[in-house]
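Enquirer: kindly generate the corresponding structure for this input.
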Amino acid sequence: MPELFTVVSPDEAFERLRAQIGDPILRLETAPLPRALGRTLGRALVAIESLPAFARSAMDGYAVSARQTAGASESSPVYLRLAGEVRMGSIPPEVLAPGTCMRIHTGAALPRGADAVVMVEETNLLESGEVEVLASVAPGEDVVQTGEDVTAGSAVLPAGHRLRAVDLGGLAALGVTNVAVARRPRVAVLSTGDELVPPEGHPRPGEVRDVNGPVVCAMLGQAGAEAQHRGIVPDDEERLLAAAAAALAETDGLVITAGSSVSLRDATARVIARLGGPGILVHGVAVKPGKPTILAYCGGKPVFGLPGNPVSAAVLCWRMVLPAVRLLLGEPVAPGGLPPPVGSARLAQNVPSRSGREDYVAVRIEPGSGGEAQAVPAFAKSNLIFSLVRSGALIRIPRDTGGLLAGEPVDVYAW
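Expert: Below is the predicted model of the structure:
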């Protein structure tokens, strides 16, 4: 009779895997800026120039020497002669003479001799060609100084940073058109079970469509991996071994869904143990859902056995597989692998838990009294995928708490 697995905490489980992965050797490739969104930087980026490259106006108004406006007010204005207008995209060749000002627009270069801008709202343009200044300004007022955003030689983005849309804008401003990014790790996914048919299939009585394959592949893609679904394998140990060995040989990691429990038909653990050393690191994680999860390292590559129930597979993919993908990309991963919460909310109702395990509960985030967000649990069995579809986030119930009470604050994790 198979032995029951011995569970470990999710943090310990992930750290056992991290110790095997170590510091992966990153394989880099060049991505043009338009295709770099969501990619992970393989090298730190250093600014080769300052931004802005010249002092520029932050307002529509008049470029002045601040000392020329000393004491100006509505009751005692200062009068400056209008010496011209700063054209956008150029720097005036002349130096601003004492007692003069120049019309300037937001973003235009400050002329030499000017060190401040008076907002147009604080002035009157007279028919005589003079500008009536109704407020004094200090040096640097309403001016964006050279290098105020970025100075040449400074680090702007670290290695391991996941590029966002605003990052691409910053790189474009620096003239960066290509970036060195970590090559996406290729992760194979195998779905197992005699009862499974592809999503496009028509299940007969007793059969179900494969949910885990599409879900896990999509989650891997969002995390930055190149997911390869290798199809459905029946409950046959030798056929699963052949499929798993072939998939692992051609990729950087492997996820097998279903068959990770301890019944006679659950062959995933036996197959993973035959894929190479050091083999299985963890078989059983103290979480709900997803207790029978397997973490392994076989022939220098991470291998995972996820439960067959869709909710369990999705939650443990998020909790264990995705942090491993981030490690392979060279991204920073917190101890234990748990990603940072995206916010907090008040629990809408009591949530029970059993001491000694970590629970993850799908929730809907709704407006609460006083404008504070509330987390409404979506209690459901782990084979009901639409319990996740209807939720927008997860909450975590720490080990040894025995559950949480309505009204308690909870961290909210992005789903």
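Enquirer: how about the strands in the stretch 301-415 of the chain?
Expert: Per DSSP state E, counting those that start in this stretch, the stretch 301-415 of the chain carries strands over the ranges 301-306, 343-347, 358-367, 373-377, 393-397, 409-414.
Enquirer: closest one to residue 78 among the ones you listed?
Expert: Across the strands of the stretch 301-415 of the chain, the minimum distance to residue 78, taken as C-beta to C-beta, is reached by strand 343-347, at 50.5 Å. In this view, the C-beta of every residue, glycine as well, is placed from N, C-alpha and C.
Enquirer: does anything pack onto the closest one? Which helices or strands?
Expert: strand 373-377, strand 409-414 (3 or more C-beta pairs under 8 Å, 6 or more residues apart in numbering; DSSP states H and E).
Enquirer: figure out which of the ones you listed is closest to residue 304.
Expert: strand 409-414 (19.4 Å).
Enquirer: restricting to C-alpha, output the closest one in PDB.
Expert: Coordinates of the C-alpha atoms in strand 409-414 are reproduced here as PDB (Å, rounded to 0.1, in the frame of the first residue of the first chain):
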ATOM      1  CA  PRO A 409      -8.100  42.900   7.700                       C
ATOM      2  CA  VAL A 410      -6.700  40.500   5.100                       C
ATOM      3  CA  ASP A 411      -4.000  40.900   2.400                       C
ATOM      4  CA  VAL A 412      -5.300  40.600  -1.100                       C
ATOM      5  CA  TYR A 413      -3.300  38.800  -3.800                       C
ATOM      6  CA  ALA A 414      -3.800  39.300  -7.600                       C
END
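Enquirer: so how far is it off the chain centroid?
Expert: 16 Å (C-alpha atoms, centre = their mean, to the nearest Å).
Enquirer: name the strands paired with it and say parallel or antiparallel.
Expert: Strand pairing for strand 409-414, determined by DSSP bridges: strand 343-347 (antiparallel), strand 393-397 (antiparallel).
Enquirer: pLDDT of the first one, averaged?
Expert: To tie it back to what came earlier, the one meant is strand 343-347. Regarding strand 343-347, the rounded mean pLDDT is 95.
Enquirer: ok so, going back, using CSV, lay out the helices and strands packed on strand 343-347 together with distance to residue 303.
Expert: Supplementary listing: those in CSV, determined by distance: least, C-beta to C-beta, whole Å:
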stretch, distance to residue 303
strand 373-377, 33
strand 409-414, 25
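Enquirer: follow-up on the earlier one: highest average neighbour count across the strands of the stretch 301-415 of the chain?
Expert: strand 301-306 (a mean of 26; mean count of other C-beta atoms under 10 Å).
Enquirer: quick one: average pLDDT of that one?
Expert: 98.
Enquirer: against which helices or strands is it packed?
Expert: helix 10-21, helix 237-249, strand 253-257, helix 268-273, strand 294-298, helix 310-316, helix 322-328.
Enquirer: quick one: strands adjacent to it?
Expert: Sheet partners by DSSP bridges: for strand 301-306, these are strand 253-257 (parallel), strand 294-298 (antiparallel).
Enquirer: sounds good, over and out.
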